[in-house]
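Trainee: Okay, sequence plus prediction incoming.
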Amino acid sequence: MQTFNELSEKQDRELVELLKNSSYEAFGELYARFRGPLMFFCKRYLKNEADTEDIVHDIFLQIWETRHVLNTELSFSGYIQTITKNRVFYKFRKTEIHSHFVLNTLANGIIDSTNETENLIMDNDYEFFLNELIERLPTRQKEVFKLSRIEGFTYKEISELLQISIPAVQKHASLALKKIKEHLQQHADIHA
């Protein structure tokens, strides 16, 4: 076990190498280094402390869960900034789509407040079902799908991160999407 002072003097790359070997201390040092700047970045755009905390917490949870596949040759700072940017933009897209749907339907008088609540419940059910489908995918397909569709990484970035070829990334993404579409077609009544 290394002391805090020894870890604080290490480069990010060295800490990532220790993290890949499940070092809680290295994870703690990376957290201490990057939490503040990530919080600042998120809060600048989200203007909401709770959403900011959630996103930063989720990012570090993802880093811990995927620590074994981190690439020490890539910039950890660049990696974590890309994840953060994608999470913030994903939050915006999700909020914007929901707001647009509600505003348009209310403005057109298509739904009343009772139907709005019902539609929100159905949207939540659909999102839960979709997340369940993603979690059931084989491990590599799930990783590629999440990095591509949720985190917004390019196939090239995923290839470097997971240390697999770009054609392999494309194959896993294609298979994951095909399986999800098949399940959604079989359960089309979930949102009807």
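Mentor: Happy to help now that I have it. Numbering: from 1, shown residues only.
Trainee: give the contact list for Arg35.
Mentor: Val56, Phe60 (Cβ atoms under 8 Å, 6 or more residues apart in numbering). Just so you know, the C-beta spots here come from the backbone N, C-alpha and C atoms, and that holds for glycine as well.
Trainee: Surely Asn86 is in contact with Gly152?
Mentor: Yes. Taking contacts as Cβ atoms under 8 Å, Asn86 lies within contact range of Gly152: 3.9 Å.
Trainee: count of neighbours near Phe89?
Mentor: With neighbours defined by other Cβ atoms under 10 Å, the count for Phe89 comes to 12.
Trainee: if I look at the residue nearest the centre of the chain, how far off is Phe89?
Mentor: In the chain, the residue lying closest to the centroid (Cα atoms, centre = their mean) is Glu151, at 4.5 Å. The gap separating Glu151 from Phe89 is 10 Å, by Cβ to Cβ, to the nearest Å.
Trainee: Equivalent analysis for Arg149, please.
Mentor: 13 Å.
Trainee: anything in contact with each of those two?
Mentor: The contact lists of Arg149 and Phe89 share no entry, where a contact means Cβ under 8 Å, 6+ apart.
Trainee: contact partners of stretch 134-148?
Mentor: 66, 69, 153, 155, 157-158, 161-162, 164, 169, 172-173, 175-177, 179-180.
Trainee: and the chain, what are its domains?
Mentor: 1-110, 112-192 (automatic domain parsing).
Trainee: can you give me the helices for the chain?
Mentor: 4-8, 12-20, 24-46, 49-65, 76-107, 113-136, 139-145, 155-162, 166-186 (DSSP state H).
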